[in-house]
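>>> have a look at this prediction, sequence included:
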Amino acid sequence: MRVVAGIDFGTLSVRVTLFDETGCRLGHAVADYPLHRRDSDPDFATQSHDDHMAALTLALKTALKDSGVAGADIVALAADTTGSSVLMLGEGMQPLGDYYLWCDHRAKAEAEEITALAHKQDLEAIHWCGGVYSHEWGFAKLLHWLRHNPSDRGKLVTAVEHCDMVAATLTGVTDAAQLKRSICAMGHKWMWNPRWQGLPSQAFLSAVDRLLDGIRAKLGGDYQTSDKIAGRLSAHWAERLGIPAGIPVAVGGFDAHWDALGAGCRIGDVVNVVGTSTCIIAIAREAGLIPGLCGIVPGSVAPDLIGIEAGLSATGDIFDAIARRAHVPLEELSKSLDRYGPGGKGLLRLTWDNGDRTVLVKSDLGGVTLGWNLMHRAQDELFAAIEGTAFHTRLILERMAENGVPIARIINGGGIPQKNAVLNQVYADVLGKPVLVPDGIPTGFGAGIFAGLAAGFYPDVAAAQATLCLPFKTIQPRPERRAVYDRLYGMFKQAYFAFGSGQPAPNLGEILPYLKNLAAGHSGA
């Protein structure tokens, strides 16, 4: 038997899924690792590379044991990770600390400086990442590290994304010049694009801060799509994992982008990868500039197509926070949500609890709930938060469609849609279109696709998808809810731009009376 292992590093755990040549999922296992936070700094979020690799070892061995698959049968590996999760490295590819995780938000000032200079110089790259460089992305985090770690600056050899570090570690790379770098990671988070011969120029980077002098050369290596091979599994890691040395390891990528393919994404689809945050992924043969979207990169999702990325900075994180504040388990708080009508108990929620990723791209925003009265409960807010994420998603999809991205199908991927039927129904009602949900958890299937390509199981991504991807359940919108949701969405959109960017909102005063009527059972639609 020939088996591949798809590896998916999430925010809090790694999942290993085993597939055979026929696409049969033979087994999977999950292992956790700690996320380091600081009460004194809510923007701080780091993780240890050693913790990640220890968890991978445990998960792979557990998957083999529980499935009965022999380690000797593994013929290829592929790993996706969160991003931008950045690690600074010294000689021999040794970490100079922990990863700045994707949800580490300390680099806000650095991102603002990069954005301001990019617009001043009319840097082409800034327009292709939505017009704003995010504090969640690589250069901002690297500059923050350089400014706050003066004793280690001289030791810096390179900086890497998590997915590239995993592949380098497994293949025994100790020389940064030998690195294979993911176009998915570097394109969406480091402004890499063949349109301007790769990364932004050294002159631009040095103009941001002289601490970045020479950094472009330190970010060298072989930039590749994920259908290419990063290298062969080293003897050391083969022994540690209990699988054969020399098997191919694919070039890595980001979890959401691979999850979109694993959920069945094709041209004309938009995949909402709904988890702690939401990544919205589409692919197209051609795409121009889309204001406010955080990445349009050739080869970043499927190797021969253009990948398009947008998203919400918090989704499941908001639901968890509401439950935590109420001291009620989220599973308990989520019961009976299907009894709510549009607008629930008269609340309208702007889901900026972790800032706005798309389309305003502003980290300094905060969550807003309109319509509170003295009798509202946490469950009312939870339903409003689900509606708010759906409204924000509709706003993003409209921006994509207005700029030429074809949207024929909407797929809700990620973990949350598998266990929250109300969310899927609300999304269908708000978007006014059927929502497709994979009939099973698709997490890790994208990694299985690229591991299968590395093993030679399939000739291309489409063939791998035809073999691996799950069938869909279809959730139809309820026509009787359309009028109310359309009106609520119009109010959401007005509040979104008024509070988020100061855009004039002549009808803002209509929102609270309308919400009060909704709470009293009168839709007024």
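Ah, there it is.

>>> part of a strand, is F204?
No - assessed with DSSP: H, G, I helix; E, B strand; the rest coil, F204 is helix; it does not lie in a strand.

>>> ok, how many other residues are close to the nearest residue to N373 once chain neighbours are set aside?
Distances taken as CB to CB, 6 or more residues apart in numbering place A519 nearest to N373, at 7.1 Å, with adjacent residues excluded. Using the backbone N, CA and C atoms, a C-beta is placed for each residue, glycine as well. Applying other CB atoms under 10 Å, we find 18 other residues in the vicinity of A519.

>>> quick check: phi and psi on A519?
Main-chain dihedrals, A519, degrees, to the nearest 10: phi -60, psi -30.

>>> so where's the longest helix in the chain?
helix 378-402 (DSSP state H).

>>> got the buried residues for that helix?
379-397, 399-400 (16 or more other CB atoms under 10 Å).

>>> pretty sure the residue nearest to N373 contacts W372?
No - A519 lies out of contact with W372 (CB atoms under 8 Å); the separation is 10.2 Å.

>>> how close does A217 sit to Q224?
A217 sits at a distance of 19 Å from Q224 (criterion: CB to CB, to the nearest Å).

>>> ditto for L89
Distance from L89 to Q224, by CB to CB: 19 Å.

>>> can you show me the strands along the stretch 201-350 of the chain?
Using DSSP state E, counting those that start in this stretch, the strands of the stretch 201-350 of the chain run over 222-224, 229-232, 248-250, 253-254, 269-274, 278-284, 295-298, 306-312, 348-350.

>>> name the residues of stretch 259-276 that are buried.
Buried residues in stretch 259-276 (16+ other CB under 10 Å): 259-266, 269-276.

>>> ok, now stretch 63-77?
Those would be A63, L64, S67, V69, D73, I74, V75, A76, L77, for stretch 63-77 by 16+ other CB under 10 Å.

>>> check the separation of the first and last residues in that stretch.
14 Å (CA to CA, to the nearest Å).

>>> residues in contact with it?
1-5, 7, 16-18, 26-29, 170, 233, 241-244, 247-250, 451-452, 454-455 (CB atoms under 8 Å, 6 or more residues apart in numbering).

>>> which of those fall within helices?
Using DSSP H, those in helices are L170, L241, A451, G452, A454, A455.

>>> most surrounded residue in these?
Ranking these using other CB under 10 Å puts A451 first, with 30 neighbours.

>>> from G288, how far out is that residue?
33 Å.

>>> same question for C163.
27 Å.

>>> shaky segments in this structure?
Under the criterion pLDDT under 70, the flagged ranges of the chain are 523-525.

>>> 50 instead?
Under the criterion pLDDT under 50, no range of the chain is flagged.

>>> doesn't S48 make contact with D98?
Yes - using CB under 8 Å, D98 is in contact with S48, at 5.2 Å.

>>> what touches both of these two?
Joint contacts of D98 and S48 (CB under 8 Å, 6+ apart) are H36.

>>> next, give phi and psi for N507.
Torsion angles, degrees, to the nearest 10, at N507: phi -110, psi 20.

>>> count of residues packed around it?
Neighbour tally, N507, other CB under 10 Å: 11.

>>> all strands for the stretch 351-500 of the chain, in order.
Under DSSP E, counting those that start in this stretch, the stretch 351-500 of the chain gives strands at 368-370, 409-413, 435-438, 472-475.

>>> put the alpha carbons of the last one into PDB.
Taking only C-alpha atoms (Å, rounded to 0.1, in the frame of the first residue of the first chain), the coordinates of strand 472-475 have been written out as PDB:
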ATOM      1  CA  PHE A 472     -21.500  18.600  -0.600                       C
ATOM      2  CA  LYS A 473     -24.600  19.300   1.500                       C
ATOM      3  CA  THR A 474     -26.600  22.200   0.000                       C
ATOM      4  CA  ILE A 475     -28.300  24.800   2.200                       C
END
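
>>> for it, what is the distance to the chain centroid?
23 Å (CA atoms, centre = their mean, to the nearest Å).

>>> paired strands for it, with orientation please.
Strands that pair with strand 472-475, judged by DSSP bridges, come out as strand 435-438 (antiparallel).

>>> gap between K155 and W145?
11 Å.

>>> more neighbours, these two?
The residue with more neighbours, out of K155 and W145, is W145; 23 against 13, by other CB under 10 Å.

>>> how is the more buried one assigned, secondary-structure-wise?
Note that with three-state DSSP, the state of W145 is helix.

>>> tally of neighbours for the closest residue to it other than its chain neighbours?
Closest residue to W145 apart from its sequence neighbours, by CB to CB, 6+ apart: M88 at 5.5 Å. Using other CB under 10 Å, M88 has 23 other residues around it.

>>> try Y340
The burial count for Y340: 18, using other CB under 10 Å.

>>> circling back to that earlier point, ok, now which ones touch the residue nearest to W145?
P95, L96, G97, L142, W145, N149, D152, L156, T158, A159.

>>> try 7 Å this time
L96, G97, W145, L156, A159 (CB atoms under 7 Å, 6 or more residues apart in numbering).

>>> next, it: phi, psi?
phi -90, psi 140.

>>> how much space between it and G131?
Taking CB to CB, one finds M88 at 28 Å from G131.

>>> picking up where we left off before, nearest to I183, of the strands of the stretch 201-350 of the chain?
Closest to I183 of the strands of the stretch 201-350 of the chain, according to CB to CB: strand 222-224, at 5.4 Å.

>>> list the buried residues for that closest one?
Y223, Q224.

>>> hang on, the earlier thing: out of the contacts of stretch 63-77, which end up buried?
3-5, 7, 16-18, 26-29, 170, 233, 241, 243, 247-250, 451-452, 454-455.

>>> beta partners for L89?
P95, T158.

>>> these two touch, right, I283 and L261?
No - the criterion here is CB atoms under 7 Å, and I283 misses it with L261 at 8.5 Å.

>>> any common contacting residues for those two?
Common neighbours of I283 and L261 (CB under 7 Å, 6+ apart) are V301, A302.

>>> any idea how far N420 lies from F383?
11 Å.

>>> kindly report the same for V173.
49 Å.

>>> do the same with T474
T474 is 23 Å from F383, by CB to CB.

>>> so D32 bridges to which residues?
Applying DSSP bridges, one finds that D32 bridges with S13.
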